[in-house]
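K.L.:
Next input, structure requested:
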Amino acid sequence: MTAAEFIEIARQGIYVLLLMGAAPMAVALLVGLAVSLFQALTQIQEATLTFVPKIVAMLLTLALVLPFMVSELLDFSQHLAEKIQNIESE
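P.N.:
Residues are numbered from 1 along each chain as shown. The predicted structure follows:
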């Protein structure tokens, strides 16, 4: 395996990682912003108010995007297995 091939595989892995983490992180950011705005407007400073909505929103997001995440991970894994098989056959 050349350095260029290794770098390409690492780049693809980082891309898949970012793709999988983008939806839950974006939802957590938006819910956190909404909760912070709500706390600032109402002067309620309850610690659990920041965590529970984020957790619920992230779980719902994961439930919705899990099929996409699994298909992307399987595609990457198959591509990686093909690369490894090609290296062994050379």
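
K.L.:
What segments of this protein are helices?
P.N.:
Assigned by DSSP state H, the helices in the chain fall at 3-42, 48-89.

K.L.:
Could you provide these in JSON lines, with additional columns for mean neighbour count?
P.N.:
Using the backbone N, CA and C atoms, a C-beta is placed for each residue, glycine as well. Formatted as JSON lines, the helices of the chain follow (neighbours: other CB atoms under 10 Å):
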{"stretch": "helix 3-42", "mean neighbour count": "13"}
{"stretch": "helix 48-89", "mean neighbour count": "12"}
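
K.L.:
would you turn those into JSON lines with mean pLDDT?
P.N.:
Formatted as JSON lines, the helices of the chain follow (pLDDT from 0 to 100):
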{"stretch": "helix 3-42", "mean pLDDT": "92"}
{"stretch": "helix 48-89", "mean pLDDT": "91"}
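
K.L.:
gap between the residue nearest the centre of the chain and His79?
P.N.:
The residue lying closest to the centre of the chain (CA atoms, centre = their mean) is Gly21, at 1.2 Å. For Gly21, the distance to His79 equals 19 Å [CB to CB, to the nearest Å].
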